[in-house]
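> I would like to see how this sequence folds:
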Amino acid sequence: MLTRRQKIAKLLESSNEGERAAAQAALERTEAAPPAPGSPEWCAAMIEHKDMVSECAVRIDTPGLTADEVATIRRWARFIGKPWEDGAEELRRIHQRLMTEDQEQCLLQSPT
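So this is what the prediction gives:
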């Protein structure tokens, strides 16, 4: 299984100029240094990440999650890790999808 950085690096070889530019920007974001441990930014990022992992773990039985997504959630729930580690982007994508589905459910159940 390729890491996120490896996938992005492969896109740099694309014949499509837009894909190459997007891949370069994504690669620069992944290479950004994480905040210094103990700094307010580091603490805020860790709290946000732990909350995200908890929200995903609570919704692990959501219909429509693939086996890979469930495995990703379980891995992160066992070892919370840090928001700038490999695989965290995948967890963010899963979390975003779960939250969007949750909001849509609330809107469907709304009496207005």
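> quick check: Glu101 vs Val70, distance?
15 Å (CB to CB, to the nearest Å). Every C-beta, even on glycine, is put in place using the N, C-alpha and C of the backbone.
> now do Thr100
Between Thr100 and Val70 the computed distance is 18 Å (CB to CB).
> comparing the two, which residue is more hemmed in?
Val70 (15 against 10; other CB atoms under 10 Å).
> wait, doesn't that one sit right on Ile60?
Yes: with contact defined as CB atoms under 8 Å, Val70 reaches Ile60; the gap is 6.0 Å.
> per-residue confidence at the most centrally placed residue in the chain?
In the chain, the residue lying closest to the centroid (CA atoms, centre = their mean) is Arg92, at 1.9 Å. Per-residue confidence (pLDDT) for Arg92: 91.
> so who does it touch?
Met52 (CB atoms under 8 Å, 6 or more residues apart in numbering).
> quick one: it from Ile73, how far?
12 Å.
> for the chain, longest helix please?
Counting residues, the longest helix found in the chain (DSSP state H) is helix 88-109.
> pull out the buried residues from that one.
Ala88, Glu89, Glu90, Leu91, Ile94, His95, Arg97, Leu98 (16 or more other CB atoms under 10 Å).
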